[in-house]
Every structure is written in structure tokens, then in C-alpha cells.
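> pasted the sequence and its predicted model underneath.
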Amino acid sequence: MADAVRDLVVCGAATAVAYAGCYFLATRWLPRAPDVAVAGDAIFGLAYYPLLVVLAARASLALGGSAHDRWFATTAASAALGKLLVARMVVHVPYIYLKRTPAEVALRSTYVAHHGIVVLAYGAGVFRNLAHFWGAAAALCEATNVFLTVEELLLCAPAAAARLARPRAAIGLGFKATYVLLRLLLFPALLVQQRRDYAALAPADRARLGVPELVVFPAAVLLVFLLSAKWALDARRKKAD
């Protein structure tokens with residue numbers, strides 16, 4: 001417990017320092033961005049999201065061998081993933097209020113709710129060392145943010161974006177493909193498989209699992225799935241209009 005608290009404090013402090021540095025870089029490199037805070041967030045994401053995806057993929061591959069492993073096994077990658085996610089969510093809540101564009105302001109309450117349940121779900125994994133596979137597999141959805149971050153950064157630099165029409169098209173395709181595969185399809189599949197795996201466990205193993213694993217985590221996955229579906233529908237309606 002003490003080690004987990006220490007690691008989270010260190011990760012949180014490092015994340016806060018990194019965000020401050022990215023915000024400073026945004027003010028210097030992208031002073032004409034529509035929102036410097038959005039630009040700073042995108043700069044932070046250039047390294048953060050690829051790191052999450054690598055950790056999530058490594059942990060998912062290592063822990064997916066059996067129902068027992070998916071519930072009870074851990075790896076260094078899965079442990080690091082949980083701490084990085086919790087730290088970023090905690091630091092990002094106050095950072096959200098630096099963003100001033102109408103779209104970002106409208107999403108504040110949604111982001112706070114999302115970040116809160118993610119902290120609960122992944123924080124439980126950090127402290128209880130359970131369900132690491134499920135957390136890692138769900139975190140594969142961060143691949144969409146790899147593409148989204150690059151697009152947001154280009155929107156903060158219109159001159160550069162105008163010269164990169166073909167790469168932007170490829171970024172858009174990558175975003176759409178990962179969005180469908182790793183959000184709209186993956187999340188329901190995880191929830192179904194999680195129920196099946198739970199049913200396959202021995203009674204003694206089921207007794208080791210509690211509300212964080214059986215209620216909070218599935219609720220977090222369901223929330224992100226519903227948000228992802230809503231955003232996809234909103235995007236289609238906007239395009240139709």
C-alpha cells in the first residue's frame with residue numbers, strides 16, 4: 001500500500017511538471033493557437049498516449065492466457081499503466097479549467113465524470129493488484145488519442161496543417177479505424193468476456209473479487225463506451241448537416 005501511494009505521488013508530481021512544461025512550450029511554439037491550453041495538452045499527449053498504448057499492448061498480451069491470469073496476474077507494464085492513467089487523470093482535472101474554447105467548456109462536466117470513474121477503476125487496480133488484464137485491454141482505446149493528439153496539434157498550427165493534407169487524411173483514417181475497433185467493438189467484447197471469465201472462476205477465486213472489479217470497472221468501461229458511441233453519432237449528424 002505504501003509503495004503504491006509513493007509511486008502515485010511521484011507519478012502525479014512528474015505529470016504536473018510535464019504539463020507545466022508543455023503549457024510553457026505551447027506559449028512559445030504556438031502562441032497563435034486558438035487555445036494555448038489545448039495546444040499544451042496535445043504536446044503532452046505526443047509522448048503520453050503512445051507510451052500508454054505500448055504498455056497496454058504488452059500487458060494485454062502477457063496477461064491474456066487464461067481466465068485466472070486475466071483476473072489475478074500482473075506485470076510491470078500493467079502496474080505502470082495504472083499509475084500513469086491515475087496520475088494523468090488527477091492532474092488533468094484542474095488543467096481542464098485552463099481551456100477556454102466553447103467546445104472544451106461544454107465538455108468540462110463530462111471530462112470530470114470520466115476522469116473520476118477512471119481514477120476509481122484504475123486506482124483500485126493499483127492498490128488491489130487485481131483485474132490488470134481488463135484495465136490493460138480497455139486502455140488500448142488510447143490508440144485513438146494518438147491520432148487525435150496529432151490532429152489537435154495541427155489545428156493549433158494552421159499553416160503547417162495546410163501543407164500536410166495527405167498526412168492528415170491518413171491520420172483521420174487511423175483515428176476512425178482505431179475508434180471503431182478499440183472503442184465501439186472492444187468495450188462490449190470486454191464486458192461480455194469479463195462475465196464469462198467470472199463464471200469460470202472457482203468459488204474461492206470469486207471471493208477475492210469485490211465491488212471495484214465487479215461493479216466500478218465495468219461501469220467505467222460502459223461509461224466510456226456510451227460516450228464514444230454518443231460522440232460518433234454526434235460526428236455523423238454534424239457531417240450530415
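On my side now, so go ahead. Just so you know, these numbers come straight off a predicted model, no measurement behind them.

> low pLDDT regions in the chain?
161-162, 239-241 (pLDDT under 70).

> in it, which spans are helices?
With helices called from DSSP state H, the chain shows them at 2-29, 36-63, 67-72, 76-96, 102-106, 108-128, 132-139, 143-155, 158-162, 165-179, 186-200, 203-206, 211, 217-240.

> contacts only, for the residue nearest the centre of the chain.
For the chain, the residue nearest the mean C-alpha position is Glu142 (4.8 Å; CA atoms, centre = their mean). Taking CB atoms under 8 Å, 6 or more residues apart in numbering, we find Glu142 in contact with 49, 52-53, 56. Every C-beta, even on glycine, is put in place using the N, C-alpha and C of the backbone.

> using CSV, lay out those together with distance to Leu130 and neighbour count.
What follows is these, written out as CSV (distance: CB to CB, whole Å; neighbours: other CB atoms under 10 Å):
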residue, distance to Leu130, neighbour count
Tyr49, 25, 20
Leu52, 20, 24
Val53, 23, 21
Ala56, 17, 24
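
> ok so, going back, pick the most buried one from the helices of the chain.
helix 132-139 (a mean of 27; mean count of other CB atoms under 10 Å).

> quick one: list the elements packing against it.
Where contact means 3 or more CB pairs under 8 Å, 6 or more residues apart in numbering; DSSP states H and E, helix 132-139 is packed against helix 36-63, helix 67-72, helix 76-96, helix 108-128, helix 186-200, helix 217-240.

> format the ones you listed as TSV; extra columns: distance to Thr178.
Formatted as TSV, these follow (distance: least, CB to CB, whole Å):
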stretch	distance to Thr178
helix 36-63	9
helix 67-72	22
helix 76-96	17
helix 108-128	18
helix 186-200	10
helix 217-240	11
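
> picking up where we left off before, and the contacts of Glu142, which is closest to Arg70?
Closest approach to Arg70 among the contacts of Glu142 (CB to CB): Ala56, at 14.0 Å.

> surely the closest one touches His132?
No. Using CB atoms under 8 Å, Ala56 makes no contact with His132, being 10.5 Å away.

> and Gly65, its phi and psi?
phi -70, psi -30 (degrees, to the nearest 10).

> burial count for it?
11 (other CB atoms under 10 Å).

> gap between Lys238 and Ala103?
Going from Lys238 to Ala103 by CB to CB, to the nearest Å gives 12 Å.

> got it, and Leu52?
Distance from Leu52 to Ala103, by CB to CB: 24 Å.

> which residues does Val105 contact?
Here Val105 is in contact with Lys99 (criterion: CB under 8 Å, 6+ apart).

> try 10 Å this time
Counting by CB atoms under 10 Å, 6 or more residues apart in numbering, Val105 makes contact with 96-97, 99.

> next: Ala124.
Contacts of Ala124 (CB under 10 Å, 6+ apart): 82, 86, 130-131, 135, 210-213, 216-217, 220.

> which one of the residues you listed is nearest to Val112?
Of all the contacts of Ala124, Ala220 has the smallest distance to Val112: 14.0 Å, by CB to CB.

> hang on, isn't the closest one packed against Tyr122?
Yes. Assessed by CB atoms under 10 Å, Ala220 is found in contact with Tyr122 at 8.2 Å.

> okay, and the common contacts of these two?
Residues touching both Ala220 and Tyr122 (CB under 10 Å, 6+ apart) are 135, 138, 212.

> so how far is Ala26 from Arg100?
In this view, Arg100 and Ala26 are 13 Å apart by CB to CB.

> overlap of the contact sets of those two?
Here Arg100 and Ala26 share the contacting residues 35-38, scored by CB under 10 Å, 6+ apart.
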